[in-house]
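Undergrad: pasting a predicted model and its sequence here:
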Amino acid sequence: MLGAMRALPRPARAARRLAAALLLLAGCLAGLAAQSAPAQATPQSYPTIGKGGDSCTAPSTSQMQAFFSNTPYLVWGIYVGGIDRACSQPNLTKSWVTTVTNQGWALLPIWVGPQNPCLSGFDHFSTNTGTAYTQGQNEAKSAYNALIALGMAANSPVIYDMEAAGGSTTTCINATKSFIQGWTDQLAVPPAQPSGVYTSTCAGFLDDFAGNSPPPNFIDGADYDGVISTSSMPCVASGHWTNHQRHKQYAGGHNETWNGVTLNMDSTCSNGPAVANAAYNGNNGCL
């Protein structure tokens with residue numbers, strides 16, 4: 001009751017006023033910090049339509065900015081790991097991913113693990129379909145961990161780079177299909193990630209993966225015909241992977257210069273999932 005309350009001694013009142021002032025000041029400073037350093041969105045999976053490319057080693061952030069500003073490009077492939085990745089990646093870090101996605105880039109993570117047993121010069125998965133399936137699962141787990149370490153969301157898409165072995169035997173083809181089935185099934189385990197596979201549209205028997213159950217969520221087909229369209233993929237049925245599920249590498253390694261920076265790159269047309277801070281339809285004639 002009011003009549004029972006007693007006034008605090010003067011030193012206590014002064015201490016309370018000082019504490020209140022300090023709390024108010026702390027709140028103001030926290031508010032200023034929040035305004036000056038807003039939280040960044042975690043890059044995650046979005047359908048992306050537009051032109052792009054990839055380079056063996058991830059370019060520096062300044063090079064990436066040069067290839068983004070007033071250029072036709074918005075999608076870039078990055079080789080995030082795998083035993084058969086050909087290049088070191090001194091630039092590819094969590095902060096690099098944050099910087100380039102804030103620049104506006106959409107990224108295509110690519111994993112280069114063991115290859116078709118009929119392809120010489122690489123590490124290989126087994127010709128035994130059961131063993132190959134388990135190996136595909138293990139590669140998916142490693143790829144997932146690599147993407148999380150790079151600061152991407154758990155739903156980020158990732159492409160398995162399966163270099164073409166044009167002289168594949170039935171044994172090698174069946175092993176490769178089983179390996180990719182393990183890759184696809186493991187990436188579907190929650191938190192699910194869109195699973196992709198890259199290979200030559202014809203020599204890599206890309207369309208055969210449509211018969212997997214389930215098939216990969218999307219494809220990245222290589223055909224150097226110069227046709228900038230994901231609907232134009234020789235040896236791939238027009239009814240397969242039609243719902244924003246295609247990327248196409250339409251030109252191999254060549255030099256390009258933008259804003260004074262020269263890079264050796266492959267050229268890509270995208271109409272499929274990528275890692276970005278927002279959905280984007282750049283189009284630029286690429287569908």
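TA: Arrived safely. Numbering: from 1, shown residues only.

Undergrad: quick one, phi/psi of the spatially closest residue to Ser178 that is not a sequence neighbour?
TA: Nearest residue to Ser178 in three dimensions, chain neighbours excluded: Thr129, at 3.9 Å (Cβ to Cβ, 6 or more residues apart in numbering). From N, CA and C alone the C-beta is placed, and that goes for glycine too. Phi and psi for Thr129, reported as degrees, to the nearest 10, are phi -60, psi -40.

Undergrad: dump the residue contacts of Thr129.
TA: Asn174, Ala175, Ser178 (Cβ atoms under 8 Å, 6 or more residues apart in numbering).

Undergrad: let me know the closest of those residues to Cys202.
TA: Sorting those by how near they are to Cys202, with Cβ to Cβ, puts Asn174 at the top with 18.4 Å.

Undergrad: tell me what the lengthiest strand in the chain is packed against?
TA: When the chain is scanned for its longest strand (criterion: DSSP state E), the result is strand 261-276. Strand 261-276 makes packing contacts with strand 44-54, helix 61-68, strand 73-81, helix 94-103, strand 106-111, strand 218-222, strand 246-258 when contacts are defined by 3 or more Cβ pairs under 8 Å, 6 or more residues apart in numbering; DSSP states H and E.

Undergrad: so which of those gets nearest Thr230?
TA: If we rank the helices and strands packed on strand 261-276 by Cβ to Cβ, the stretch that ends up nearest is strand 246-258, at 3.8 Å.

Undergrad: if we can go back for a sec, for the longest strand of the chain, which residues meet the burial criterion?
TA: 263, 265-276 (16 or more other Cβ atoms under 10 Å).

Undergrad: pull the helix or strand with minimum mean pLDDT from the protein.
TA: Ranking every helix and strand in the chain by mean pLDDT, DSSP states H and E puts helix 10-36 at the bottom, with a mean of 41.

Undergrad: now the longest strand of the chain: average pLDDT?
TA: Mean pLDDT, strand 261-276: 97.

Undergrad: give the contact list for Gly136.
TA: Counting by Cβ under 8 Å, 6+ apart, Gly136 makes contact with Phe125, Ser178, Phe179, Ile180, Gln181, Gly182, Trp183, Thr184, Asp185, Gln186.

Undergrad: look up how far Val97 lies from it.
TA: In this structure, Gly136 and Val97 are separated by 25 Å, where distance is defined by Cβ to Cβ, to the nearest Å.

Undergrad: next one: Thr127
TA: Remark: distance between Thr127 and Val97 (Cβ to Cβ) = 36 Å.

Undergrad: hang on, the earlier thing: same list (the contacts of Gly136) but as a markdown table, adding secondary structure and distance to Leu108.
TA: Compiled in a markdown table, these are given as follows (DSSP: H, G, I helix; E, B strand; the rest coil; distance: Cβ to Cβ, whole Å):
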| residue | secondary structure | distance to Leu108 |
| --- | --- | --- |
| Phe125 | coil | 23 |
| Ser178 | helix | 25 |
| Phe179 | helix | 20 |
| Ile180 | helix | 17 |
| Gln181 | helix | 22 |
| Gly182 | helix | 21 |
| Trp183 | helix | 16 |
| Thr184 | helix | 17 |
| Asp185 | helix | 21 |
| Gln186 | helix | 19 |
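
Undergrad: give me the residue ranges of the stretch 101-250 of the chain where confidence is low.
TA: Per-residue confidence of the stretch 101-250 of the chain (counting by pLDDT under 70) places no residue in a weak region.

Undergrad: do a quick rundown of the helices in it.
TA: In order along the chain, the stretch 101-250 of the chain carries the following helices (DSSP state H, counting those that start in this stretch): 129-149, 170-187.
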